[in-house]
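**Q** how would this look folded up:
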Amino acid sequence: MSSDLKSKDVELWTAWSKNPNKTTLTPLLKQVEPVINKEVARWSGGAVAIPALRAEARQLAVKSFETFNPSKAALN
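**A** Residues are numbered from 1 along each chain as shown. Got it, this is the predicted structure:
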């Protein structure tokens, strides 16, 4: 992953962590959407519908944002 993407991840996460609301969450979720889509595709094909998997993945992403520490790991 390029340092520009990592920098953008941290920038969006920082904005959200300082002011957690829909306005700051939307761009952060959009930034990690490729990872969400990759994992949804990997887990699809079973009894659970893709929209349900995607909704669960987005909820898990938001929970992970709450405990994310940029000095210890990257978002993507």
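
**Q** Low-confidence stretches in the protein?
**A** Within the chain, the stretches with pLDDT under 70 are 1-5, 75-76.

**Q** Can you name every helix or strand that the top helix by length along it contacts?
**A** Scanning the chain for the helix with the most residues, using DSSP state H, yields helix 22-43. Counting contacts by 3 or more CB pairs under 8 Å, 6 or more residues apart in numbering; DSSP states H and E, helix 22-43 is packed against helix 3-18, helix 50-67. In this view, the C-beta of every residue, glycine as well, is placed from N, C-alpha and C.

**Q** Now render those helices as a markdown table, adding distance to residue 31 and mean neighbour count.
**A** Shown next, in a markdown table, are the helices and strands packed on helix 22-43 (distance: least, CB to CB, whole Å; neighbours: other CB atoms under 10 Å):
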| stretch | distance to residue 31 | mean neighbour count |
| --- | --- | --- |
| helix 3-18 | 5 | 14 |
| helix 50-67 | 10 | 13 |
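
**Q** mind putting those in TSV, distance to residue 28 included?
**A** Output for the helices and strands packed on helix 22-43, formatted as TSV (distance: least, CB to CB, whole Å):
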stretch	distance to residue 28
helix 3-18	4
helix 50-67	7
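
**Q** can you tell me which of those helices comes nearest to residue 33?
**A** Ranking those by proximity to residue 33 (CB to CB) places helix 50-67 first, at 8.9 Å.

**Q** Centre of the chain to the closest one, how far?
**A** 7 Å (CA atoms, centre = their mean, to the nearest Å).

**Q** Now do it against helix 22-43: the angle between them, please.
**A** If you take axes from the mean of the first three to the mean of the last three CA atoms, to 10 degrees, helix 50-67 sits at 120 degrees to helix 22-43.
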